[in-house]
Structure formats: structure tokens, C-alpha cells
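Chemist: Sequence first, predicted model second:
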Amino acid sequence: MMTLSEQTSRNLTLALAIGAALATAHTGAGAASAQSQSPSDDIVAPNVDRPAGPEGVADDIDAAGPGSKISGDISLSYNSHFISYGGDVWGGGDDFFGSQSTGFVTANVALDLAPFTVHAGIWSDINDNVEAEIGGEIQEIDIYAGVSYTVADFTLDATYQEWYYAGDEERIVDLSVSYDDTGKIIENFAFNPSFLAHLRVDGNGGQEKAEAYVLGIAPSYTLLESTNFDVALTIPASVAFFSDEFQGGDSGFGYVAVGASLSSALKFIPAEYGSWSGNVGVTYYHTDDDAIPNNPESDFLTGSVGISLAF
């Protein structure tokens with residue numbers, strides 16, 4: 001029987017091989033510049049509370065240039081907390097960028113088969129908060145792949161994930177729908193509503209099968225457009241409800257979160273080096289003690305700063 005270490009190595013190698021193959025194919029196609037694109041949220045792994053979504057995948061395909069079918073991104077961020085569906089993983093509590101801060105590394109690829117998009121990626125949580133089971137300071141590795149379908153202003157997405165941490169693994173299926181309401185209510189403005197069903201189909205250790213349901217909006221407004229920078233403000237907000245034992249507690253209301261994020265396309269970087277962007281943001285969480293009993297605080301502020309490269 002294959003050990004967890006061997007399973008992790010096999011799946012990680014497969015994910016990196018797929019990413020390398022797609023990136024090589026894209027490079028051979030000769031990507032055009034996307035320095036004129038307005039900044040947008042990056043794709044991130046579904047384990048953090050900025051879940052990956054089809055909008056981010058589409059943004060990277062656009063960033064690859066007209067006619068491009070294969071795209072990707074690599075991002076790095078430094079974060080005051082690791083929050084997974086309201087759960088304060090490292091127990092940072094009200095300590096803002098304190099001893100439990102952590103770094104995230106993400107790599108994604110996407111294939112445009114309009115109206116479908118096939119996407120895959122890998123994400124990692126890196127810190128020295130505890131001795132890492134995987135090796136070095138790598139506390140967790142997540143791999144994921146999915147497909148989205150866009151019809152009119154709606155995008156449906158299904159993503160399968162495997163999360164490797166604490167000497168075991170957790171398996172997830174995410175089902176989501178989002179709506180592009182740009183200009184529908186207010187000219188040149190969108191609330192970007194979305195709904196996510198997060199289904200744990202196989203738990204880590206003593207975890208039971210359980211679900212989280214998240215309703216969200218992410219209105220965004222371009223504050224500045226210039227030769228060297230495009231600066232956008234996004235105000236994401238979400239509310240989540242859990243089934244019994246999702247975070248080791250009761251079913252019902254789990255958390256509400258409201259944030260503010262500034263992102264900017266770094267257009268001063270020459271186009272031949274890819275499409276770079278930077279972002280900084282804060283998010284306030286109110287969590288329910290009965291649904292998430294292990295958080296050190298029920299109300300806390302988180303922060304993040306990052307940089308990404310889309311190609």
C-alpha cells in the first residue's frame with residue numbers, strides 16, 4: 001500500500017508536470033501583452049477564504065492576450081492569518097501580523113475551450129509555526145482541478161481538491177455559480193454575486209463528512225488608470241452556513257466577513273516579462289463560537305500583501 005508521503009509525492013509530481021506542459025505550450029504560442037488590462041483578483045487555492053473561481057480563471061486567459069487558449073499565474077503572499085472557511089488555522093486571533101503569520105504560494109493553469117474552461121493548480125502554506133509533516137517549512141500542499149461553464153452572464157464551476165497536511169489528507173468537491181451583473185443595476189459597476197457549496201467528501205484524521213455554503217459579493221471599482229499603474233478597489237463580503245461538525249461544532253451560521261483590497265497592474269514592467277500585479281488587503285471576520293469552537297477569538301482582523309505573475 002502506498003504511504004501518505006508517496007501519495008503526496010506522486011500527486012505533486014503529476015500536478016507540476018501538467019503545469020509545466022501547459023506553460024510550455026503557452027510559451028510556444030507567443031503570448032501577447034496584457035499591460036492594458038485592469039487589475040483583478042488572482043486565482044487562489046480554494047482552501048483559503050478567497051476561493052478560486054471561474055472569474056479569476058477567465059481574467060488570466062484574458063491576460064494571456066488575444067487568441068490565447070492556455071494561460072497561467074504564479075503568486076506569492078504574506079498573510080497575518082491562515083483562515084479556512086472562518087477557521088483560524090494557526091490561532092492568530094487578534095494578533096495582526098504576529099508570530100502566527102504565514103506565506104502562501106500558488107500556481108494555476110487554465111485552458112480555454114469556450115464556453116468551457118478547464119483549470120488546475122497547486123497551493124502551499126509555508127511557515128515554521130509547528131514542525132512540518134511534509135518537510136522543511138511546508139505545512140500543507142493542496143492540488144485541485146476543475147471545469148467551468150459560462151452561459152450568458154452565469155458561470156458554473158466544479159472543482160475537485162486534495163489537501164495534504166498534518167500527516168493525512170482531506171478531499172473536497174466545490175460547486176459554485178456566479179453572476180456577472182456589470183451595468184445591470186449601476187452603470188459600469190457590478191456586485192459580482194456568487195454561491196459556493198463546499199463539500200468535504202473525505203475528512204482528515206477525525207473529521208467527518210460535512211458541508212459549508214457561502215454567499216458572497218465582490219464589488220470592484222477602478223480608482224486609477226495610468227501609464228504605469230491601474231489601481232482597483234474591491235470590497236468582498238461573504239456569509240457562510242455549516243452542516244453539523246464542519247468546523248468541529250454545531251450546524252447553522254458559521255461566519256460573516258467583510259474586506260477591502262487594493263490591487264494594481266504593474267504596467268511599468270516590460271511586457272516580455274509577463275503581466276505583473278500587486279495587492280494588499282484586510283478582512284474582518286465575525287465567527288460563531290458554537291459553529292467554530294476552536295477559534296481563539298470570534299472577532300478578528302486579517303491582512304495580506306502579495307504579488308503575482310500572469311502569462
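Modeler: Alright, I've got the coordinates. Residues are numbered from 1 along each chain as shown.

Chemist: Show me where the stretch 1-150 of the chain has its helices.
Modeler: Secondary structure of the stretch 1-150 of the chain (DSSP state H, counting those that start in this stretch): helices at 4-29, 54-63.

Chemist: hey, least reliable of those helices by pLDDT?
Modeler: Between the helices of the stretch 1-150 of the chain, the one with the least mean pLDDT is helix 4-29; it has a mean of 38.

Chemist: Strands of the stretch 201-311 of the chain, residue ranges please.
Modeler: 210-217, 220-225, 229-234, 237-242, 252-266, 275-287, 299-310 (DSSP state E, counting those that start in this stretch).

Chemist: Now do the third one and strand 220-225, the angle between them.
Modeler: Angular relation of strand 229-234 and strand 220-225 on a 0 to 180 degree scale: 160 degrees, by axes from the mean of the first three to the mean of the last three Cα atoms, to 10 degrees.

Chemist: Sheet-wise, list the partners of strand 229-234 with their directions.
Modeler: Strand pairing for strand 229-234, determined by DSSP bridges: strand 220-225 (antiparallel), strand 252-266 (antiparallel).

Chemist: Can you check which of those gets nearest to Leu175?
Modeler: strand 252-266 (17.5 Å; Cβ to Cβ). In short, each C-beta sits where N, CA and C put it, glycine included.

Chemist: picking up where we left off before, make CSV out of the strands of the stretch 201-311 of the chain and add mean pLDDT, distance to Tyr179 and mean neighbour count.
Modeler: Formatted as CSV, those follow (pLDDT from 0 to 100; distance: least, Cβ to Cβ, whole Å; neighbours: other Cβ atoms under 10 Å):
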stretch, mean pLDDT, distance to Tyr179, mean neighbour count
strand 210-217, 98, 10, 19
strand 220-225, 89, 14, 13
strand 229-234, 92, 16, 18
strand 237-242, 98, 15, 20
strand 252-266, 97, 20, 19
strand 275-287, 97, 22, 20
strand 299-310, 98, 24, 19
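
Chemist: Let me know which of these is the nearest to Phe191.
Modeler: Nearest to Phe191, of all the strands of the stretch 201-311 of the chain, is strand 210-217, at 4.7 Å by Cβ to Cβ.

Chemist: who does that closest one pair up with?
Modeler: Looking at strand 210-217 with DSSP bridges, its partner strands are strand 194-202 (antiparallel), strand 237-242 (antiparallel).
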